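A.B. asks: structure for this input, please:
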Amino acid sequence: MPPSQDMTSDIDAGLLDVLQHQVALFARRAEQTRLGGVGQVRNSMDRAAYLLLNRLDREGPMGVKALAASMGIDSSTVTRQVAPLVDTGLVKRTSHPEDGRAVVLQLSPRGEARLEEVRSSRRELMAQVTDGWTDEDRDSFCSLLTRFNAALSARASAQQETDSPSS
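C.D. replies: Residues are numbered from 1 along each chain as shown. As a prediction, the model looks like this:
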């Protein structure tokens, strides 16, 4: 559903302009730095790999379809993104414990170690970028950014449902 003019009439247009501009700048700067961290680990893991490894770490072993659904992306995209992670030994393909025909993806010990190394580097970057912020500032920013991302995700999901042909 396209945004209605009515929705923006209650919100200051200048504020919305500043918001969209800041989001665009954030996206550019995040991509330029890839928010990769500091030191030798800086920019050493792409966004897709980081998000996949993070999801497997937080949610445990799962199949491609479940992983794709939990990330809100297509199964073919997950398959393509997981392949190099398997090739480099960061992710293992194993048989499903209840259905030996099904494949389950899980973080390998090497993947766990690599993910922690990258997380540590990224934590250091976040500490440096927010140096001088209070704990309350960081907490507020995290809450608002989480809320913003959830709203974007919900909008993308609703758009996919609208765009998908009905069965």
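A.B. asks: strands of the protein, residue ranges please.
C.D. replies: Under the criterion DSSP state E, the chain contains strands at 91-95, 103-107.
A.B. asks: from the chain's centroid, how far away is the first one?
C.D. replies: What that stands for is strand 91-95. Computed by CA atoms, centre = their mean, to the nearest Å, the chain-centroid distance of strand 91-95 equals 22 Å.
A.B. asks: so, low pLDDT: which residues of the chain?
C.D. replies: 1-8, 33-37, 40-43, 100, 165-167 (pLDDT under 70).
A.B. asks: any idea how far residue 103 is from the most centrally placed residue in the chain?
C.D. replies: The centre of the chain sits closest to residue 51, judged by CA atoms, centre = their mean, with a distance of 4.8 Å. Noted for residue 51: a distance of 20 Å to residue 103, by CB to CB, to the nearest Å. Glycine gets a C-beta too; all of them are placed from N, C-alpha and C.
A.B. asks: now residue 25
C.D. replies: Look at residue 25 and residue 103: by CB to CB, they are 41 Å apart.
A.B. asks: next: residue 115.
C.D. replies: Counting by CB to CB - residue 115 and residue 103 are separated by 21 Å.
A.B. asks: will you turn the strands of the chain into TSV that also has distance to residue 9 and mean neighbour count?
C.D. replies: Listed next are the strands of the chain as TSV, based on distance: least, CB to CB, whole Å; neighbours: other CB atoms under 10 Å:
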stretch	distance to residue 9	mean neighbour count
strand 91-95	48	15
strand 103-107	47	18
